[in-house]
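J.: would you be able to build a 3D model of this:
(one chain, ligands or ions: 1)
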Amino acid sequence: MEGKNPVILSSDPKVKEMFRKMIADTTDAIIGSYDDNTAYSGKNVYELRKSLEDLGFLPDQGLGFDKTLETVRKEIMPHLLRTWSTMYMPHLHAPALTETIASELIIGTFNDSMDSWDQGPAATEIEEDMVHGLVRLFGLGSGADGTFTSGGTQSNMAALIAARDWYCNRKHGCDVKKEGLPPFYGKMRLYTSEVSHFSMEKSCHVMGLGYNSVRKLPVDSKCKVDIKKFDEMVQQDIKDGLLPFCAVATIGTTDYGSIDDVKEMRRICDKYGMFLHADASYGSGLVVSGKYRDRMGDLSVCDSITVDFHKMFLLPISCSVILFKDKTVQECFELHADYLNREEDEEEGYINLVDKSLQTTRRFDALKVFMAFQTRGKDGFASIIDTAVENAGYFYSRLVKDPAFIAPVEPEISSVVFAVIDGDEANKNIRKRLMDEGTVIGQTSKDGKVMLKFTLLNPALTHDHIDKIIARIKELRP
Ligand SMILES: Cc1ncc(COP(=O)(O)O)c(C=O)c1O
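T.: Numbers count the residues shown, from 1 in each chain. So this is what the prediction gives:
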């Protein structure tokens, strides 16, 4: 049975036709997989587990593609999330722009790898051009560079590794890359808001500094870093013999979309000789907005910036970039191997992108960004981003007028955190009831209280959808 399917693509017309049919049948299965606007089939965890456990995993004999697709179509696809549904709003998890789904097919088919030029000649050149375009878009200057990564967590980790090595090397003459952590490593401290993403702690653990090296900065009523307290905390830490090496500004916190003041954080970092990273995983989308770009602040003052394309930019997972203002800090990732990235290649003008990346084998994700911007232009993106921001503003304006709700923070981007006034259990139940109905919303907490969360990334959302969901939530109150 398995022999009926081509093993790999070739120039044989029969193989090409089989490939075309596979892709066409897959597309038909996807298109036919939903006929309503629900985000989820509503199966609970036990029902879903039961329905999938008999599918048979790792069979000895292959069934062929047609039967396999049929199983996926009937048994799996109906319970996949429809991220494009206007009833899917829990996380920074986007519906994918259609042209970028097409680009995924190209990426997967050609399967270029970004480690060395000979594994992706055009892919390497496109990624380089894309990175340089982004450097210009964020105003980082001619000495800047960067690389694509698998997501915000990886981009943040790359930034913090570079910050650690920069600090140890340039401030203390210690070469972490060769010698490992210096004797004073236990005193190094990183400063970031108490509502920043947990990838800071994870990175500090992996980097050998530990969770305790992360100093959580208090935030004001808008969930932004309290600059005065930041300054005081660094001063006190220095008095206590600690070594502040880096601060991370969040440009769009995960729950509230709150944006730290990078200009002020830069001032404090300069005062104490610290590296400043901007985690703009979420808020980087504002860079293309005509109306709301100012909300982001001037990120060109930062030493590095995380930009995620699989959040506000609506690209398929995964797609992120880390940009460095001074490209020489990326040297911490450079290591030559005779089989891959020979120094002689560089002398001849070839670029091996593994020289500036933590990953070795890496997808050609830059193609998605290329195709999306070619298709829509910055203007097309501006309208997507502006719709998301406006919808959040509308949602918030409805909530604050209604005594049934508490909405503690006015959104700056596209997330709205709120609760019905009836207490934690009522809020938890509302989320579960909505999930059963196929509407997926988020849950988080504020000051120990359960809160509901809407992340309004979907440009198809209208005020009418928002009015309806508010009305439904009110019906579900106890
Ligand atoms: C502010 C922020 N930073 C970083 C991340 C991590 O990004 P990723 O999930 O792409 O690793 C997230 C994820 O939601 C985030 O909200």
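J.: which parts of the stretch 51-200 of the chain sit against the ligand?
T.: With CB under 6 Å from any ligand atom as the criterion, the stretch 51-200 of the chain meets the ligand at residues 92, 151, 152, 153, 156, 197, 199. Any C-beta I mention is one placed from the backbone N, CA and C, and that applies to glycine too.
J.: out of those, the closest to residue 446 would be?
T.: Lowest distance from residue 446 to these (CB to CB) belongs to residue 197, with 16.5 Å.
J.: need the nearest residue in space to that closest one, chain neighbours excluded.
T.: Distance criterion CB to CB, 6 or more residues apart in numbering; nearest residue to residue 197, sequence neighbours excluded, is residue 254 at 5.7 Å.
J.: so what's residue 312 up against?
T.: Contact analysis of residue 312 by CB atoms under 8 Å, 6 or more residues apart in numbering lists 94, 282, 283, 284, 285, 286, 384, 385, 388, 413, 414, 457.
J.: let me know the secondary structure of the fourth one.
T.: Read that as residue 284. On the three-state scheme (DSSP: H, G, I helix; E, B strand; the rest coil), residue 284 is labelled helix.
J.: what's the closest non-adjacent residue to it?
T.: The shortest distance from residue 284 to any non-neighbouring residue, by CB to CB, 6+ apart, is to residue 307 (4.1 Å).
J.: what bridges to the one you found?
T.: For residue 307, the beta-bridge assignment (DSSP bridges) gives partners residue 280, residue 321.
J.: correct me, but it touches residue 321?
T.: Yes: assessed by CB atoms under 8 Å, residue 307 is found in contact with residue 321 at 4.6 Å.
J.: who's more crowded, those two?
T.: Taking neighbours as other CB atoms under 10 Å, residue 307 and residue 321 compare with residue 307 leading, 31 against 26.
J.: how far off centre is stretch 273-288?
T.: Chain-centre distance of stretch 273-288: 12 Å, with CA atoms, centre = their mean, to the nearest Å.
J.: any idea how far apart the tips of that stretch sit?
T.: From its first residue to its last, stretch 273-288 covers 31 Å (CA to CA, to the nearest Å).
J.: all helices of the stretch 301-450 of the chain, in order?
T.: Along the stretch 301-450 of the chain, the stretches classed as helices by DSSP state H, counting those that start in this stretch are 343-347, 366-401, 424-436.
J.: for those helices, give me TSV that also has distance to the ligand, mean neighbour count and mean pLDDT.
T.: Shown next, in TSV, are the helices of the stretch 301-450 of the chain (distance: least, CB to the nearest ligand atom, whole Å; neighbours: other CB atoms under 10 Å; pLDDT from 0 to 100):
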stretch	distance to the ligand	mean neighbour count	mean pLDDT
helix 343-347	30	12	84
helix 366-401	14	19	97
helix 424-436	18	16	95
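J.: ok, and the most crowded of the residues of the stretch 51-200 of the chain next to the ligand?
T.: Ranking these using other CB under 10 Å puts residue 156 first, with 28 neighbours.
J.: how about that one: what's its closest non-neighbour residue?
T.: residue 199 (4.5 Å).
J.: okay, now the domains of this structure?
T.: By the assignment in automatic domain parsing, the chain contains the domains 9-82, 106-371.
J.: nearest to residue 421, of those?
T.: domain 106-371 (19.4 Å).
J.: next secondary structure after the helix or strand containing residue 249?
T.: Assigned by DSSP states H and E, residue 249 belongs to strand 243-250. Using DSSP H and E, the helix or strand that follows strand 243-250 towards the C-terminus is helix 262-272.
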